[in-house]
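generate a structure from the sequence data that follows.
(3 chains)
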Amino acid sequence: MQPETDNFFEKVYQVAKLIPYGRVTSYGAIAKYLGAARSARMVGYAMNGSHTKDVPAHRVVNRKGLLTGKHHFDGTNLMQQLLESEGIEVVDNQIQNFDILFWDPFKEL
DNA sequence: CTCTTGACTGAGG
DNA sequence: GCCTCAGCCAAGA
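Numbers count the residues shown, from 1 in each chain, chains lettered A, B, ... in the order given. A predicted model of the protein is given here:
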């Protein structure tokens, strides 16, 4: 059965899956791409179920490039480990060169 | 229906 | 640049 792309949550998952390897984006960017620029919080809220999906939630951070959602991962530094595993530099929960690694769905899609 | 919570963001000081 | 406040929207109790 086809995924519920009509649901806000599913839309978030779909976009998150489109994030290329070694790239990151912000909740607001995804939200805006979905047409709900003010629903950035909903994006993060939706990610609560991301662990049951094939969604690379670790590639999604807040606008500052800070790993605000790392507490939702199993370990304490799991999110950082995943990012570093993709060649992304992370220091003190903050992504380095965030402006360069930032993946804008409007420009890339 | 009302109230609370939240992986956010933008504006103001 | 940092801190604080308010707005925003959806889901759960």
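
mind listing what the nearest residue to A:G65 once chain neighbours are set aside touches?
Using CB to CB, 6 or more residues apart in numbering and skipping the chain neighbours, the partner closest in space to A:G65 is A:F98 (3.1 Å). Where C-beta positions appear, they are placed from N, C-alpha and C, glycine not excepted. Residues touching A:F98, when contacts are defined by CB atoms under 8 Å, 6 or more residues apart in numbering, comprise A:V24, A:V61, A:K64, A:G65.

buried ones from the residues you listed, can you make that a ChimeraX selection?
Selection of buried members from these for ChimeraX, criterion 16 or more other CB atoms under 10 Å:
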select /A:24,61,65
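
nearest to A:M79 among the contacts of A:F98?
The nearest member of the contacts of A:F98 to A:M79, counting by CB to CB, is A:V61 at 8.8 Å.

A:T68 versus the closest one, what's the distance?
If you measure A:V61 against A:T68 using CB to CB, to the nearest Å, the figure is 7 Å.

list the residues that contact the closest residue to DNA strand B within chain A.
Across chain A, the shortest distance to DNA strand B (CB to the nearest atom of the strand) belongs to A:G69, at 1.8 Å. Counting by CB under 8 Å, 6+ apart, A:G69 touches A:G44, A:M47, A:A57, A:V60, A:V61, A:M79.

coming back round to it: and the contacts of A:F98 as JSON lines, adding distance to A:G35?
Written out in JSON lines, the entries for these read as follows (distance: CB to CB, whole Å):
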{"residue": "A:V24", "distance to A:G35": "21"}
{"residue": "A:V61", "distance to A:G35": "21"}
{"residue": "A:K64", "distance to A:G35": "23"}
{"residue": "A:G65", "distance to A:G35": "24"}
